[in-house]
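Undergrad: Need a 3D model of the sequence below.
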Amino acid sequence: MRRRMVFSTLVVTVIAIMLLGLPLGALTYNLVYNETVRQLQSEAEVVGVEADHQLSHEDIVDRPLLGATSANRYIRVTREGEEPVTSGPASLAPGRPGGPETLMAQTVTEEGTLVEIWVSAQSAQESVLRAWLGIGSLSLLALGVAVGLSVLQARRLTLPLVDLAATAERLGSGVTTPWGHRYGIPEADRVAEVLDRSAERIAGLIATERHFATDASHQLRTPLTALTMRLEEIVAVADDPDAVREEGEAALAQTERLVETVESLLGRARKSQNPEVEAVELDPVLRGVREEWQPVFRQERRKLVLAGEDGLTAMTVPGDLTQIVATLVENAYKHGAGTVTVRRVLTGNSVRVEVSDEGEGVPEELAGRIFDREVSGGGGTGLGLALARHIAEAEGARIELVQTHPTTFALFLPSGGEGLTKMAGPF
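TA: Got it, this is the predicted structure:
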């Protein structure tokens, strides 16, 4: 491409020089010769005036004519009825064989005297040659400048293309960091912007896939643990048919929840599923979470209790609410201590679900980044709280760390109705 651009510029420059240089050379030729003839014409007029003066007072032969002493002029003065009077080198005389090329000017005075002057054309030819050499030098200089500028311009235009090709290659190889290069060429800059936006979109897709893998592994772990515990309970009470049936139903419920969790995660990863909130009674959901985690707390000789107002309704997604509360309970179980309390509070047009424990609390250095991905107080993946906040925000709710000592997380949900305000003690 560079060669084609340089060659094209060279051809255009040569054509421009020919279109301008050839007429300029011809014009210079005419100007030099016309100027020389004009000067000769002026000299002839001066000589004519002097010749009339001499002929009117004395014999012209006795005194030299004006300008006759010039070594490169041949002057001939002719008066009617008299012999011509000449002056100057005879080699410039007209009609002399082998003589140099000459230029001639003539004039007729008021007295009828004819004055003719011849001069060698060599001086005019040298002037024309010098002018042509100047035009040729300027043409070569223009040609060199054009080639240099074309090389620079070709480099300026082709380097962005090479850089954009390298950027596309990097993008194809999986490096999705936006390049951010701009070249001052609108077309190339637009291509660079498109590639940068594509890199950001691809990076977002890759991040979504990665988040899905980590979120799925994290979120599926809790239902699988609960399912395992239910199966263990079935084995333990194999001699009691009623207990086996009860535990089997609980295991089936955990399996259904596992399927819902997978479908929810897939929908979020593909961004094809927008959560549709509905009025959900909190008590059945929270009791389900308590029953799911009760065996785990019982093994650790800890308690999981529900407190607050019964009969509250909130605008949310049942499956999402279960995941969020289960994540908060799991976080309290792993990083907290003592009794874990799930409290329901109605505050104006919102419902607040608080999860607190009796542990040492959240360190001050982690309080501001507790919801960031891969940030954990120790022993965890750092994904649970980040994912819970993401799920909550997707449906118009929010999660906050309202107290660090003891640790208390609050889920704020839009209220779904007046509900009951009867106070209930711990379950």
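Undergrad: and Thr28, how many residues sit next to it?
TA: Thr28: 17 surrounding residues under other C-beta atoms under 10 Å. Backbone N, C-alpha and C define where each C-beta goes, glycine included.
Undergrad: my guess is it contacts Leu133, does it?
TA: No. At 10.8 Å, Thr28 does not count as touching Leu133 under the criterion of C-beta atoms under 8 Å.
Undergrad: Please report how far Ile117 lies from Gly25.
TA: The gap separating Ile117 from Gly25 is 28 Å, by C-beta to C-beta, to the nearest Å.
Undergrad: Run through who's touching stretch 396-411.
TA: Contacts to stretch 396-411, defined as C-beta atoms under 8 Å, 6 or more residues apart in numbering, come from residues 277, 315-316, 324-325, 328, 331-332, 335-336, 352-362, 364, 367, 370-371, 385, 388-389, 392, 412-414.
Undergrad: Dump the C-alpha coordinates for that stretch into CSV.
TA: C-alpha atoms of stretch 396-411 as CSV (Å, rounded to 0.1, in the frame of the first residue of the first chain):
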residue,chain,number,x,y,z
GLY,A,396,-35.1,-3.5,43.0
ALA,A,397,-34.0,-4.5,46.5
ARG,A,398,-30.7,-3.9,48.3
ILE,A,399,-28.5,-5.4,51.0
GLU,A,400,-26.5,-3.4,53.5
LEU,A,401,-24.2,-4.1,56.4
VAL,A,402,-26.0,-2.1,59.0
GLN,A,403,-23.9,-3.1,62.0
THR,A,404,-20.4,-4.6,62.3
HIS,A,405,-20.4,-5.6,66.0
PRO,A,406,-22.3,-7.9,66.1
THR,A,407,-22.5,-8.5,62.4
THR,A,408,-26.0,-7.6,61.1
PHE,A,409,-26.9,-7.6,57.4
ALA,A,410,-30.3,-6.2,56.3
LEU,A,411,-32.2,-6.9,53.2
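Undergrad: rewinding a little: just checking, which of the contacts of stretch 396-411 belong to strands?
TA: Cross-referencing those against strands under DSSP state E gives 315-316, 352-356, 412-414.
Undergrad: Most widely separated two among these?
TA: Longest distance between any two of those is 23.8 Å, between Met315 and Ser356; criterion C-beta to C-beta.
Undergrad: Can you name every helix or strand that the helix or strand hosting Leu27 contacts?
TA: Element membership for Leu27, per DSSP states H and E: helix 2-57. On a contact count with 3 or more C-beta pairs under 8 Å, 6 or more residues apart in numbering; DSSP states H and E, helix 2-57 meets strand 73-78, strand 102-108, strand 114-120, helix 122-172.
Undergrad: what stretches of the stretch 301-427 of the chain score poorly on pLDDT?
TA: 377-382, 417-427 (pLDDT under 70).
Undergrad: Let me fix that, I meant to ask about the stretch 101-250 of the chain.
TA: Applying pLDDT under 70 to the stretch 101-250 of the chain flags the ranges 172-176, 179, 183, 209-231, 233-240, 243-244, 247, 249.
Undergrad: Met315 and Ser356: who's more crowded?
TA: Neighbour count, other C-beta under 10 Å: between Met315 and Ser356, Ser356 has more, with 22 against 18.
Undergrad: For that one, which non-adjacent residue is spatially closest?
TA: For Ser356, ignoring the flanking residues on the chain, the nearest one in space by C-beta to C-beta, 6 or more residues apart in numbering is Thr408 at 4.0 Å.
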